[in-house]
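1. sequence unavailable; structure follows:
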């Protein structure tokens with residue numbers, strides 16, 4: 001069958017090597033998951049990530065080849081078996097999803113990579129002269145670095161397949177120098193350091209006269225690209241470094257929602273922005289005629305959330321001496337930018353969580369009249385709740401956050417009529433210090449049926465957390481009688497991230513949270529090991545605090561591996577945990593099915 005298909009393609013304007021790999025994948029076995037998603041076999045997925053490059057311009061080409069193959073399979077009559085035809089359609093769907101997901105997830109990792117290598121240069125670390133094999137303690141001593149800090153860098157490089165790790169040693173793979181030993185890659189011009197989003201916006205608006213910035217940002221260094229496999233080479237890293245702040249800038253200018261399939265560049269931007277058009281074509285987001293293609297449409301519609309979350313940590317790359325050496329580190333998260341990005345990323349998860357709350361309420365006749373959103377940001381969960389059937393006229397809404405910027409953002413949204421007019425706002429409320437909320441409730445809530453609290457990716461922000469301290473935090477909320485629904489991104493292992501290539505943005509996500517002292521946690525408890533105590537899952541913490549975590553109302557997003565794993569451990573990208581305190585589950589009819597029922601699954605936001 002493969003030979004017949006390739007024979008037909010010989011006369012077509014198509015990359016035959018790329019088509020050959022895709023034909024092998026499309027004709028491989030496929031199945032549907034219990035949640036209704038198609039998946040490949042592990043061997044087919046390995047064929048895809050090891051033989052096909054699918055980032056940026058190469059992603060555009062890969063999608064075009066898939067489109068031609070789909071047309072061929074549908075019109076040539078080469079496949080007559082309905083089951084095989086259905087299998088090909090499933091494989092096509094998975095391949096496209098892998099390409100789309102990679103082009104949302106990879107840029108932030110590449111932005112992080114460029115910043116790491118630039119910082120190494122400032123610290124005197126030259127990748128060219130690193131030994132072929134070295135230990136963590138050796139490199140830390142040689143360059144006078146904090147072991148804990150440089151380990152985060154090395155583990156990130158391992159997760160991106162750019163360095164190998166065996167027991168206590170790190171090793172450079174054969175392609176290490178070809179991919180990373182580029183002078184331009186190891187240096188960021190001074191005018192491109194720090195937060196450059198506003199500068200890009202001024203350029204797009206025609207207000208920027210800094211020719212040096214235009215030259216340095218929009219002129220991508222001439223670098224050779226590698227045509228095979230998923231690993232990031234120097235050119236892709238340069239492109240990722242540029243698209244992250246660029247897409248955030250176009251999002252803030254309200255351009256991204258206009259950039260739909262087939263839209264001309266000049267319908268959205270002015271004629272003078274030829275530098276911008278040239279870069280966007282080079283990235284593979286616009287076709288030769290200057291119109292948005294399939295890849296561009298996906299990136300413009302989905303990229304701003306994850307890009308913004310990672311970019312909010314840019315100050316952590318601005319002070320390498322204090323970050324890596326023994327001086328006290330001075331850096332912070334750009335909270336307002338993080339709030340905006342998190343709101344966009346969390347919106348879909350809150351929708352699914354509210355649907356779960358509505359099902360629980362209907363199933364158990366549970367009633368409540370206080371709705372709290374902690375780590376409130378701009379109040380996305382509250383906004384959705386207020387406009388849903390869950391809202392009642394006597395509902396008291398409370399928004400709590402540690403950061404003043406978040407409370408200001410919620411207050412602004414309230415003035416615009418986007419949040420309930422009587423909503424109470426509590427600032428300086430550290431989610432890791434439940435007593436602050438307790439005192440506020442005691443002062444402001446006189447009577448209550450029950451309290452529901454939603455938290456969107458807030459618990460991991462508790463700094464320097466331990467299992468014991470987090471169990472105490474959950475127990476305090478439990479003892480207040482709060483029904484807790486919280487969303488958390490999963491802490492994925494470096495091995496899992498590496499094995500799944502660009503199927504998540506968690507390499508960069510994990511990296512920025514580790515360097516900022518935040519505590520991501522895994523979906524599954526770590527097996528017994530010397531450091532297992534610090535790796536309890538969110539579920540275990542809540543359970544040890546007295547909560548009953550109901551699987552039937554908990555929600556998980558897609559799993560990291562796009563194929564079933566033999567050991568069954570395929571962690572989800574993020575989880576929503578539905579936690580009922582003992583004071584409630586003793587009073588409401590909760591069946592074993594509701595406790596242990598199948599986890600609700602939602603489609604990925606990528």
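-> Okay, I see it. Fair warning: this is a prediction, and the values are worked out from it, not measured in the lab.

2. who touches residue 111 in this structure?
-> With contacts defined as Cβ atoms under 8 Å, 6 or more residues apart in numbering, residue 111 is in contact with 240, 241, 244, 310, 311, 508. Every residue, glycine included, has its C-beta placed from N, CA and C.

3. cool, and residue 102?
-> Neighbouring residues of residue 102 by Cβ under 8 Å, 6+ apart: 54, 55, 59, 230, 501, 502, 503.

4. just the element for the fifth one, please.
-> Read it as residue 501. Using DSSP states H and E, residue 501 falls within no helix or strand.

5. ditto for the third one
-> Using DSSP H and E, residue 59 sits within helix 57-75.

6. for that helix, packing partners?
-> With contacts defined as 3 or more Cβ pairs under 8 Å, 6 or more residues apart in numbering; DSSP states H and E, helix 57-75 has these neighbours: helix 2-9, helix 16-26, helix 82-122, helix 294-302.

7. what angle do the last one and helix 57-75 make?
-> To tie it back to what came earlier, the one meant is helix 294-302. Helix 294-302 runs at 120 degrees relative to helix 57-75, counting by axes from the mean of the first three to the mean of the last three Cα atoms, to 10 degrees.

8. quick check: angle from helix 294-302 to helix 82-122?
-> 70 degrees.

9. could you list the low-pLDDT ranges of the stretch 151-300 of the chain?
-> 224, 226-228, 272 (pLDDT under 70).

10. what about the strands in it?
-> 164-166, 169-171 (DSSP state E, counting those that start in this stretch).

11. quick check: which of those is nearest to residue 462?
-> Residue 462 sits nearest to strand 164-166 of all the strands of the stretch 151-300 of the chain, at 28.6 Å, using Cβ to Cβ.

12. so what touches that closest one?
-> 154, 155, 158, 170, 171, 172, 173, 494.

13. widest-spaced pair of those?
-> 172 and 494 (16.7 Å).

14. burial check on residue 314, number of neighbours?
-> Using other Cβ atoms under 10 Å, residue 314 has 22 other residues around it.

15. picking up where we left off before, and which of the contacts of residue 111 is nearest residue 122?
-> residue 241 (16.1 Å).

16. count of neighbours near the spatially closest residue to the closest one that is not a sequence neighbour?
-> Nearest in space to residue 241, with sequence neighbours left out and distances taken as Cβ to Cβ, 6 or more residues apart in numbering, is residue 114 at 4.1 Å. By other Cβ under 10 Å, the residues close to residue 114 number 26.

17. got the contact list for residue 114?
-> 185, 188, 237, 238, 240, 241.

18. out of those, list just those in helices.
-> 237, 238, 240, 241 (DSSP state H).

19. TSV for those residues, including neighbour count and distance to residue 324?
-> As requested, those are arranged in TSV below (neighbours: other Cβ atoms under 10 Å; distance: Cβ to Cβ, whole Å):
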residue	neighbour count	distance to residue 324
237	27	20
238	18	23
240	24	22
241	23	20
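
20. those residues: which two are farthest apart?
-> Greatest spatial distance among those (Cβ to Cβ): 238 and 240, at 7.4 Å.

21. return the member of the contacts of residue 102 nearest to residue 372.
-> Residue 372 has its nearest neighbour among the contacts of residue 102 in residue 503, at 34.3 Å by Cβ to Cβ.

22. does the closest one touch residue 560 like I think?
-> Yes: between residue 503 and residue 560 a contact is recorded at 6.1 Å, counting by Cβ atoms under 8 Å.
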